[in-house]
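# Please find the sequence and the predicted model below.
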Amino acid sequence: MIVIGELINSSRQPVEEAFLNRQADILVDLAIRQQQAGCSYLEVNAASIIDQEEELLKWIVPILQEQVSIPLSIDSPNPRALEAGLKVHKGQALLNSLPGRKAEMEEILPLIRDFRPEVIVSALDESGFPDTPEKIIKIADRILNRLFSTTSLSQDEVYLDLLLRPMAVFPEAGQLFLKSLLLARQEFPGIKTIAGLSNISYGLPRRRLVNLIFLSNLIGHGLSAVIADPLSPDFWAVIIISEYLNNRPGSAERFLEWARSDRRDD
């Protein structure tokens, strides 16, 4: 399971304050802790600070890259902010995301051609949130075709986001995502799939448990990557055990190593 640490996000009040006050030490500490936990990428999002977003990304991306060795996921709905982050990122970044709305897509595609990041494709267009797996796959197919026809990216540089929605607002969200995930794996076998895990529990009580149990379901359905809080208690245990139960490659060795290192009596 590929994990993208979600904690450097200005939607979280302490992070927003750290951005506004240019407290790099707070953001660096979050980055280091997430890398040490086992993340493959770190999300960087300053989108709630609209009037300063571009400058903040220009400021923080080089600082973080001096302290961690894993790539950053530049996350913004604003193409100019994406460009600002990509310009100062060393090595291949991850761009989050390329949606299917025509105007945004046509602004972001040149950035992908110029900077050649890995890309998260978001199965969303002008029609709003699709409500069936078939609609999700149709939108995704259109975006992927456009992406591959206009850039040099390969399939293994692309992640497909099937739009996990809050169950508090849309009770069918969990089942819709899982069904869409199975269909996407059939239709796009070379494309990795990704989910923003905390979306499922937004507005619900006992969010941590909801997230962890749904994470186990996602792994059972073959999800490739997750955007999540890697410091949440039992997060990695759920990944290790779920991968082992689903016989993912290398999971038996990882499970035994983990079990031997944690000798608590369950």
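It's in.
# what's across from the residue nearest the centre of the chain in the sheet?
For the chain, the residue nearest the mean C-alpha position is Ile227 (3.6 Å; CA atoms, centre = their mean). Listed beta-bridge partners, Ile227: Ile4, Gly196 (assigned using DSSP bridges).
# Next one: it, what pLDDT does it get?
With respect to pLDDT, Ile227 scores 98.
# Could you measure from it over to Gln52?
23 Å (CB to CB, to the nearest Å). Heads up, the C-betas are built off the backbone N, CA and C, glycines and all.
# Pretty sure the residue nearest to the centre of the chain sits against Ile200.
No - counting by CB atoms under 8 Å, Ile200 is not a contact partner of Ile227; they are 11.7 Å apart.
# Now do the strands in the chain.
Listed in chain order, the strands of the chain (DSSP state E) span 2-9, 41-45, 72-75, 94-98, 118-122, 158-161, 192-196, 225-228.
# any chance of these in a markdown table, with distance to Asp29 too?
Output for those, formatted as a markdown table (distance: least, CB to CB, whole Å):
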| stretch | distance to Asp29 |
| --- | --- |
| strand 2-9 | 10 |
| strand 41-45 | 12 |
| strand 72-75 | 16 |
| strand 94-98 | 21 |
| strand 118-122 | 26 |
| strand 158-161 | 27 |
| strand 192-196 | 23 |
| strand 225-228 | 19 |
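# Which of those strands sits closest to Glu107?
strand 94-98 (10.1 Å; CB to CB).
# Just want the angle from the closest one to strand 118-122.
20 degrees (axes from the mean of the first three to the mean of the last three CA atoms, to 10 degrees).
# Can you tell me which helices and strands strand 94-98 packs against?
strand 72-75, helix 102-115, strand 118-122 (3 or more CB pairs under 8 Å, 6 or more residues apart in numbering; DSSP states H and E).
# Contacts only, for Lys90.
Applying CB atoms under 8 Å, 6 or more residues apart in numbering to Lys90 gives the contacts Pro62, Gln65.
# Would you mind measuring from it to Ile137?
Counting by CB to CB - Lys90 and Ile137 are separated by 35 Å.
# ok, longest helix in the protein?
helix 133-150 (DSSP state H).
# Using PDB, list the CA coordinates for stretch 244-263.
C-alpha atoms of stretch 244-263 as PDB (Å, rounded to 0.1, in the frame of the first residue of the first chain):
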ATOM      1  CA  TYR A 244      -1.600 -10.300   4.800                       C
ATOM      2  CA  LEU A 245      -5.300 -11.500   4.900                       C
ATOM      3  CA  ASN A 246      -5.600 -10.600   1.200                       C
ATOM      4  CA  ASN A 247      -2.300 -12.300   0.300                       C
ATOM      5  CA  ARG A 248      -0.700  -9.300  -1.300                       C
ATOM      6  CA  PRO A 249       2.900  -9.900  -2.500                       C
ATOM      7  CA  GLY A 250       5.400  -9.800   0.400                       C
ATOM      8  CA  SER A 251       2.700  -9.400   3.000                       C
ATOM      9  CA  ALA A 252       3.500 -12.500   4.900                       C
ATOM     10  CA  GLU A 253       7.000 -11.400   5.600                       C
ATOM     11  CA  ARG A 254       5.900  -7.900   6.600                       C
ATOM     12  CA  PHE A 255       3.200  -9.400   8.900                       C
ATOM     13  CA  LEU A 256       5.700 -11.700  10.700                       C
ATOM     14  CA  GLU A 257       8.200  -8.900  11.100                       C
ATOM     15  CA  TRP A 258       5.600  -6.600  12.500                       C
ATOM     16  CA  ALA A 259       4.200  -9.300  14.800                       C
ATOM     17  CA  ARG A 260       7.600 -10.100  16.200                       C
ATOM     18  CA  SER A 261       8.400  -6.500  16.800                       C
ATOM     19  CA  ASP A 262       5.100  -5.900  18.800                       C
ATOM     20  CA  ARG A 263       4.600  -8.500  21.400                       C
END
